[in-house]
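**Student:** Got a predicted model here, sequence first, then my questions.
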Amino acid sequence: MVKRNGPTRATSATRATSAVRAARLAARLAAFGATAAGLLVLTMAPVAGTQTSQPAQPAFDTWQAPGGAPTAGQRVIALTFDDGPGPSTPQVLSVLEQDGVPATFFEIGGNIAKYPRYAQMVAAAGYPVEDHTWSHPDLTTLSSAQIGQQLDATQLEIRSVIGGTPNCVRPPYNAWNDTVLQQVAQRGLTAMSYSVDPRDWSLPGVTAIVSRVVGAAFPGAVVDLHDGGGTRSETVAALPRIISGLRGAGYGFVSICGYLTPPPPPAPAPETSAVHAFGQAPAPGAPITSTAPYVAAAGTATGYWLAAQDGGVFSTGVSFYGSMGGKALHLPVVGMAATPDGGGYWLVAADGGIFSFGDARFSGSMGGTPLNRPVVGMAVDPTTGGYWEVSADGGVFSFDAPFYGSMGGPTTANQFFAIVASPNGTGYLLVGQHPATSA
């Protein structure tokens, strides 16, 4: 195994002695939690020794992963996350799902046993869960039997928790030799490495993580990030900017590896509404159960509507004008707004698509237009009957409503989630947030 530090991706393989490998691994362990000195881009070569019929080295790029051949020559990137699941996993998932970005998670068996719900969340969201061993050892220091135990225990745990069998193994510390590769191959698995390592585990700061990923990107790259193994607030804060930066450079995203046997489709998780009235607001109706999560609401003096992620609409004390429930959506619904007279409403999806019902007038949308970040909400101009959409980066898109400005841009550290119109339509508020520790 060889690791090289440098600003460009090396293109030739180099053999390393066991002593060199051990020294570099020791340095990696010692540096855990320290600030990284610079961008790490990887090239690998097998340790000198007897070669067998198993692959001479792991896969590094998307086109080398199982089923990844169609990505060869395509301008795509694979984001992968190691060492989870853990407390940061839901935050990583939230960003990925909001931005509609595929990714892959290489999880530690012991952590899956500790946080099974997080592993189930990853799988239910459609992200592959792959094998990162049971306890994150350096596999090159173990016997064949011990390596097998690390792999088999994790495969069994993943299968028991999510119902699917992983296709790939990522050796911890990227440490591998002929024995490791042989044990992986004997199980019909693929050893999956990576080609861009921003060293986010060393907590170098949000800006450093972003620049190390975006600056090292190349078609077919596999990026190694982390959602477990320590504090991951910097990775979570960097992720939206990484996605924006790569999209701005023309990259798409893919997941890798997949399953030998896929998990069963997740069963819908019903959600029951909980509405509470204060002041002179209309009295809440009986709780309503939806097969998809609720994401927005709008109301009048007499009642309200609730909108679910699948486009379903539920009315209480007001007329029902229609919904997108049961219809195909490119991306989920994220917002809702009512007309000033309460005679209709709009739904807005994450891709900026607008769906109008009742007397709500369709004035245009961002649906079908490439966006740096997904749309997260909308507001109505009470004067014109038009509306604004807002994206997660603070971009504002106006339709039959005045444009007053925006915070849109690929470098913002803020994650916006709402737009609020002034009562007379002469302005709007953009509401966002950012991690307190973001650099």
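**Tutor:** Okay, I see it. Bear in mind that the values here come from a model prediction, so they are computed numbers and not experimental data.
**Student:** Other residues contacting stretch 145-156?
**Tutor:** 107-109, 112, 131-135, 137, 139, 142, 165-166, 169, 179-180, 183-184, 187, 189 (CB atoms under 8 Å, 6 or more residues apart in numbering). Every residue, glycine included, has its C-beta placed from N, CA and C.
**Student:** ditto for stretch 281-288
**Tutor:** Under the contact criterion CB under 8 Å, 6+ apart, stretch 281-288 has outside partners 272-277, 299-304, 306, 314, 316-317.
**Student:** Excluding sequence neighbours, find me the nearest residue to residue 295.
**Tutor:** residue 309 (5.1 Å; CB to CB, 6 or more residues apart in numbering).
**Student:** need the helices for the stretch 151-300 of the chain, in chain order.
**Tutor:** 178-186, 206-214, 233-248 (DSSP state H, counting those that start in this stretch).
**Student:** I'd like to know which of these is closest to residue 103.
**Tutor:** helix 233-248 (9.5 Å; CB to CB).
**Student:** I'd like to know which elements the closest one is packed against.
**Tutor:** Under the contact definition 3 or more CB pairs under 8 Å, 6 or more residues apart in numbering; DSSP states H and E, helix 233-248 sits against helix 89-99, helix 206-214, strand 221-226.
**Student:** how about a cut-off of 10 Å?
**Tutor:** strand 76-84, helix 89-99, helix 206-214, strand 221-226, strand 252-253, strand 415-421 (3 or more CB pairs under 10 Å, 6 or more residues apart in numbering; DSSP states H and E).
**Student:** just how off-centre is the third one within its chain?
**Tutor:** The chain centroid and the centroid of helix 206-214 are separated by 16 Å, computed with CA atoms, centre = their mean, to the nearest Å.
**Student:** From residue 302, how far off is the residue lying farthest from the centre of the chain?
**Tutor:** Relative to the C-alpha centroid of the chain, counting by CA atoms, centre = their mean, residue 280 is the outermost residue, at 40.9 Å. Distance from residue 280 to residue 302, counting by CB to CB, to the nearest Å: 11 Å.
**Student:** next one: residue 70
**Tutor:** The value you get for residue 70 to residue 302, if CB to CB is used, is 54 Å.
**Student:** again, but for residue 219
**Tutor:** Taken as CB to CB, the span from residue 219 to residue 302 is 56 Å.
**Student:** Give me the more crowded residue out of the two.
**Tutor:** Set side by side, residue 219 and residue 302 show more neighbours around residue 219, with 17 against 12, by other CB atoms under 10 Å.
**Student:** mind listing what the more buried one touches?
**Tutor:** 61-63, 71-77, 250-252 (CB atoms under 10 Å, 6 or more residues apart in numbering).
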